[in-house]
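Asker: Let me see the structure of the following:
(3 chains)
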Amino acid sequence: MKIRALRILPPLAIARLGSSPAPLENYDIRVPERDPLGFREIHGALTFVVDRDSGTIRRAYTPDSVRFRDERGRVKPVAPFLEVWAEAGGKLVPLTAALLAGDKLSAADVEWRVQVGNHKVFRRTGQMADRVDADSGWFSGHHVKALAGKCANFLPRKTLPFGDVQFIKPTKAFPEIRFRFTPGKGLIYGSNDSRTRSEDVADVVYDSGRGSWSGYTDDNADPGAIVTNPSGIYANLEDPATTSRGYLDDECDGIVEVRIRGTKLAAFARIGAGPPDYAPDSFPVRTIADELEQVLLGAGVAAADVSPEWTEEILRRVFETVRLQNTTVLNGNPVLNGRAANSMVTQDVRRGRAEEPIMAPAIVDSLAVRALHQSVFAAMRSGSAAWFAEVLREFEEVGDLTNAGRRKMPAMMRGSDGLYLALTRRQHNAVQASGNCQVNAEDPAAATFTEPAPPKKKVRP
Amino acid sequence: MTALAAAPRSPSVHLFGGTHVLLPNGNRIYELDDADYAAMAAALDERDESAVAAAIAACGLDAPPFVDDAPLVDPPLRAVSLAVAQQCNLGCTYCYAQQGEFGGPAKNMSLPTAIAAIDLLFRDVNAGERVNVAFLGGEPLINRSVIRGATEHARRRAEELRVEATFSITSNGTLISAGDAEFFEEHAFAVTISVDGVGAAHDAQRPFKSGRGSFGAVMANVEPLLRRQRRMQVSARVTVTPRNVALRETLDDFLGRGFHSVGFSPMLFAPSADGEMHAADLERMLEQMIGCGDEFRRRVVAGERYAFMNVANAMREIHRGTHRPYPCGAGASYLGVSADGELAACHRFVGDEAGAMGDVENGVDRARQSRWLAERHVTRQEPCRSCWARYMCSGGCHHEAINRGRAACDYIRGWLHYCLETYAALLRERPDYFEP
Amino acid sequence: MSTRPRPRNRTARAGVPLAVQAMEGTFAPAQIEADALHEQLSYRAAGNPPGTLPATAISNCFPGLEFDFRNVWKFIFKGIELHESDNLVVGTDPDPKLEKLRFHRLMKIRLGDGVQKLVIQIHGPNPAGNETALGPSALEWANALANVVRHGGETVTCEFTKERAPNAVNADAETITEELEVRRFFEPGTAVIARELVGPGQLTQSLCSPWQNDYRECACYYWAASRPDYVNVEPGADGTSAGDNWMQIRGSGPKQYLPDEFSGPGLLTYEDMFRRWETVLRFEVGGSDTD
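Answerer: The predicted structure follows:
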């Protein structure tokens, strides 16, 4: 079957930093059947052990348990695989050596290129010379390829390691065309001036004689400075002037491309490296998957895509976030010498709102809030939670700081605009349309299948 | 052929189109890939229910029951049909209203009785809800004044309560006047004309009591209504007997005349066994219905309207996933009212003890209603319980089932199977038909 | 199992969301329809733990953890560059028609008969207790542009402030219009974000530098499922809860949550974060320290 096109799946893969040479084992996360609001369970799943010298998958096994750090306490990085899929006959199937052979091609014809960058300094200073970029160039062998970040404002011969990539060599046991990205170790890199403390950094890479990163300050008063929101997030809060120490990290994001020599077949995917997920059995209310689904599928929800399981999942994730929060503090209860601690409440005060807790202070202890979410969930399961959609904050209501507005769900959380969090419109519409949040009263006097009844109103034929 | 494909082999699934599965639990429809379809087909061939269940689970399609066997409890009344005239001027050979006399002396409903029925209808309705008042007979236009008076009364009550009231009438068309046309148009009536085929075929079935044919007179009266339809809709309902199975010609002729839609219904029970459809007749009817359905599909793909009501309704209900344990609202949200003000499960049970439900003065007899709803629930019916179509057909017309049994199961399954295949085809060919 | 059954009518619900199925390991197709983009988007490659999935990456970004996903919107309109978290035009192509828009604000977008406004007014009780307007704010892009983004390749009418507006202005400011083309979000026929929308480095550029700062500076009011706050929670003597602040040094006495005010005795320091983050930050499973 002729290969008509390629894809890399997944189209967006997230790596997570860690210094252990052993990448994190694979696992599945399952909602416990008997306790749908209990903590999700971690079960070992098929894990590949790659021999980095040969580039082959040496073995695959399913671990009994998962440890997030190794025996020396180093965090195991999450090193994602990317798979190449081929379109043949209207369907996508994994690309294998055999499929390539069918088109008189081989794994040796497959080439890769990775371009990643860390532009955090550039974002502040606005200087192109502050961009740190790594480009592997096109390559086709199976050796480990380091991603070395280069920057015009680095000291001579200095690079910032973003980790490495490897084109996995297909074997009989594992014939698919795969690629692996192993992220950086989560190290910090400094500048050659006195703000950098040697114990903090793995290496000094930035040249403070050329670039302005060390000592940089966001100028919040000058709109031309186009500061980030929040601003000053590179510094030491003990320093009232929030000047940058001149530190960089080894996070990055960018593109992985694949192509097949001698053909027009090519594809790309995106990767990024971020911090570990410190509560791996709990998930955020609103995720990047939700954003991508809203773009791909629309804010409107087709009836066939709505399910009670979806609504439950939304509520479950609200619960999972709330369960790990000190709601007493985040409610703005006066826990710090009669005043609220850092929370949405103090943010509201900075905007000019009166300082007061969001909910009645007596009812927001963590255990009480969990119990509340559990009853909402039970109501959903029994189909009697028609009101749930009404208590969700609409996306245009994020600036409503009245008591009623602040008490909508999700409560106490901040959204991307710095105001109160709203779900994506798609999530919101799903809750509204879901069968367990609305009573679906069918019209019992309506027409049946076999006997025509007089139409009650205009019906499209 | 269709009969084989439509035969009930498992109560849990029905395959159609070579690609789709219907799960009666919820009347859910999925498109499967070849492997999953083949696995289900194999399990069905084996008649192995546990293999079927496993195939469903393997696809992730198992679900808790959408409908249990608990009967409806105290359903609110939302529709009544008033048998305003129990005498009929036609001598239809099959008419269930026994020559319009319901087996007893001919009677007209009085206005106070009609008003009492309407007040009963409005008693428990809330603002923003909708109710329907239907006028039937016999031939209802014999009692024109009560129709007018009852309609005006219902409009007033509807305005007071901020409720939407809709009106319908089923008539044989012989007595329709210009004044009726104006009245129906003003109140946006859904008018159903019972006609039984074109010309001679019709006349063979619905002679005037004097024996003369009625088709010419009917069409002469109805044509002005057809031209005038804007708020009202005038549809044709064709009762199919062995003598008028040429459905396509009838459909095209009536649509050509301007009927808003045309629907067919097989005559399965008539008090004088005359003209009832038997197995061979139903097979011929099914072929004819499929022929009409094929034309419907061609027209929809071409973006044109073709108002063959049976298949249009089916497309809507299949897409909605309508799944009900009762075939209609009879005895629940819909009741028939006799000229005397007696309540019945529906218009066919007027005067029939089997469907008695109380009276307009004292209201719905809840004990009888509960018994009715328990007995008529589809999970209590045979052979329905093991049939894949049980939440679509839901046991079929109560009156027919009680009086004649279920003689049309193969016809109904054949027709629904055809509708499911048409649905799958239209999803592919004109998906915008379903979700504009 | 091959491609999943596709729901066709309204009662054929999709069931468990794909993102959850991917995490549970029950969505592992051997083949995928070329046009099943949702499936491609949700796909979890063999050997990849759930942490690789976008479903585990937070998207209410202020600034974000794995990505500052707000950056995806900067170049959504051809010819201009928007601030990732404000309705300010921060850059344009070298085109005289567009250069004049620099430091103007995008206030509304007209799409067919509809208008999407991009600015709301924050409001609430002031310290005296009176309901007050507290100032304008731009809506975050993802929801504000949810409909616009579906019109990739088409031109929409954008309303910008008539004058330069370096500071936020109310929704009723006077506007001028400009027709702009919406960039396609995904590469056509695929589920990968378009090349020309986001370049390497763009998705992480507005995050904390170094990221370890964030953990020290961010009080946790939204990321608890990724960066926990309240852990090792038990019922206390009076029925209310007692637990640790994730950022505090674990003690052996009765639990006393220390509200995090960026520094203080008992809390982790910047130095701890820079030098020992792998050791001092604990993974939480079942709400308790693990490992």
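Asker: rest of the way, CA atoms for contacts and neighbours
Answerer: OK.
Asker: just how off-centre is the strand or helix carrying A:Ala15 within its chain?
Answerer: Secondary structure from DSSP states H and E places A:Ala15 in strand A:12-16. Offset of strand A:12-16 from its chain centre (CA atoms, centre = their mean, to the nearest Å): 8 Å.
Asker: do the same with stretch A:408-424
Answerer: On CA atoms, centre = their mean, the centre of stretch A:408-424 falls 17 Å from that of its chain.
Asker: Please apply the same query to stretch A:133-140.
Answerer: The chain centroid and the centroid of stretch A:133-140 are separated by 25 Å under CA atoms, centre = their mean.
Asker: quick one: average confidence on that stretch?
Answerer: The pLDDT scores in stretch A:133-140 average 97.
Asker: Return the list of helices and strands in contact with the strand holding A:Ala15.
Answerer: strand A:266-274 (3 or more CA pairs under 8 Å, 6 or more residues apart in numbering or on different chains; DSSP states H and E).
Asker: Give me the angle between the strand it packs on and strand A:12-16.
Answerer: Angle, strand A:266-274 to strand A:12-16, by axes from the mean of the first three to the mean of the last three CA atoms, to 10 degrees: 30 degrees.
Asker: If we ignore the residues flanking it in sequence, what's nearest A:Gln374?
Answerer: A:Leu37 (7.2 Å; CA to CA, 6 or more residues apart in numbering or on different chains).
Asker: Now do the one you found against A:Ala379, distance only.
Answerer: 13 Å (CA to CA, to the nearest Å).
Asker: Which one of these two is surrounded by more residues?
Answerer: Each of A:Leu37 and A:Ala379 has its neighbours counted (other CA atoms under 10 Å in any protein chain shown); A:Leu37 has more, 21 against 16.
Asker: Which strand or helix spans that one?
Answerer: Using DSSP H and E, no helix or strand contains A:Leu37.
Asker: how does chain A divide into domains?
Answerer: A:5-187+A:250-274, A:288-437 (automatic domain parsing).
Asker: Out of the ones you listed, which gets the lowest mean score?
Answerer: domain A:288-437 (a mean of 86).
Asker: which residues touch residue 23?
Answerer: The chain I'm using is chain A. The contact partners of A:Pro23, by CA atoms under 8 Å, 6 or more residues apart in numbering or on different chains, come to A:76-79.
Asker: try again with chain C
Answerer: Residues in contact with C:Met23, defined by CA under 8 Å, 6+ apart, are A:28-30, C:44, C:50.
Asker: Which positions in chain B make contact with chain C?
Answerer: Contact residues, chain B versus chain C (CA under 8 Å from any CA of the partner chain): B:26-33, B:35-36, B:58-59, B:318-322.
Asker: Among the residues you listed, name the buried ones.
Answerer: B:26-33, B:36, B:59, B:318-322 (16 or more other CA atoms under 10 Å in any protein chain shown).
Asker: just the helices in the stretch 101-250 of chain B please.
Answerer: Using DSSP state H, counting those that start in this stretch, the helices found in the stretch 101-250 of chain B span residues B:111-123, B:144-161, B:178-186, B:200-205, B:215-228, B:247-257.
Asker: hang on, the residue nearest to A:Gln374 packs against A:His373?
Answerer: No: with contact defined as CA atoms under 8 Å, A:Leu37 does not reach A:His373; the gap is 9.1 Å.
Asker: any shared contact partners between these two?
Answerer: Both A:Leu37 and A:His373 are contacted by A:Phe319, under the criterion CA under 8 Å, 6+ apart.
Asker: can you give me the helices in chain C?
Answerer: With DSSP state H as the criterion, chain C has helices at C:18-24, C:37-42, C:96-99, C:141-144, C:211-217, C:270-280.
Asker: Which among these is found nearest to A:Ala97?
Answerer: Closest to A:Ala97 of the helices of chain C, according to CA to CA: helix C:37-42, at 21.6 Å.
Asker: For B:Leu23, which residues are in contact?
Answerer: So B:Leu23 contacts B:12-14, B:29, B:388 (CA under 8 Å, 6+ apart).
Asker: what residues are up against B:Thr151?
Answerer: B:Phe167.
Asker: Now do it against B:Ile169, distance only.
Answerer: Applying CA to CA, the value for B:Thr151 to B:Ile169 is 11 Å.
Asker: Kindly report the same for A:Gly215.
Answerer: The spacing between A:Gly215 and B:Ile169, counted by CA to CA, is 86 Å.
Asker: ok, which stretches of the stretch 151-300 of chain A are helices?
Answerer: A:288-297.
Asker: and the residue of it nearest chain B?
Answerer: Here the residue of the stretch 151-300 of chain A nearest chain B is A:Gly300; by CA to the nearest CA that distance is 12.4 Å.
Asker: In this structure that residue contacts A:Arg426, no?
Answerer: Yes: using CA under 8 Å, A:Gly300 is in contact with A:Arg426, at 6.0 Å.
Asker: quick one: which of those two has more around it?
Answerer: A direct count of neighbours by other CA under 10 Å for A:Gly300 and A:Arg426 places A:Arg426 higher, at 21 against 16.
Asker: Could you look up the SS state of that one?
Answerer: helix (DSSP: H, G, I helix; E, B strand; the rest coil).
Asker: in the stretch 1-150 of chain C, which spans are strands?
Answerer: Taking DSSP state E, counting those that start in this stretch, the strands of the stretch 1-150 of chain C run over residues C:6-7, C:32-33, C:80-82, C:89-92, C:106-111, C:114-117, C:119-125, C:131-138.
Asker: Make CSV out of those and add mean neighbour count.
Answerer: Shown next, in CSV, are the strands of the stretch 1-150 of chain C (neighbours: other CA atoms under 10 Å in any protein chain shown):
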stretch, mean neighbour count
strand C:6-7, 20
strand C:32-33, 20
strand C:80-82, 20
strand C:89-92, 21
strand C:106-111, 21
strand C:114-117, 14
strand C:119-125, 22
strand C:131-138, 19
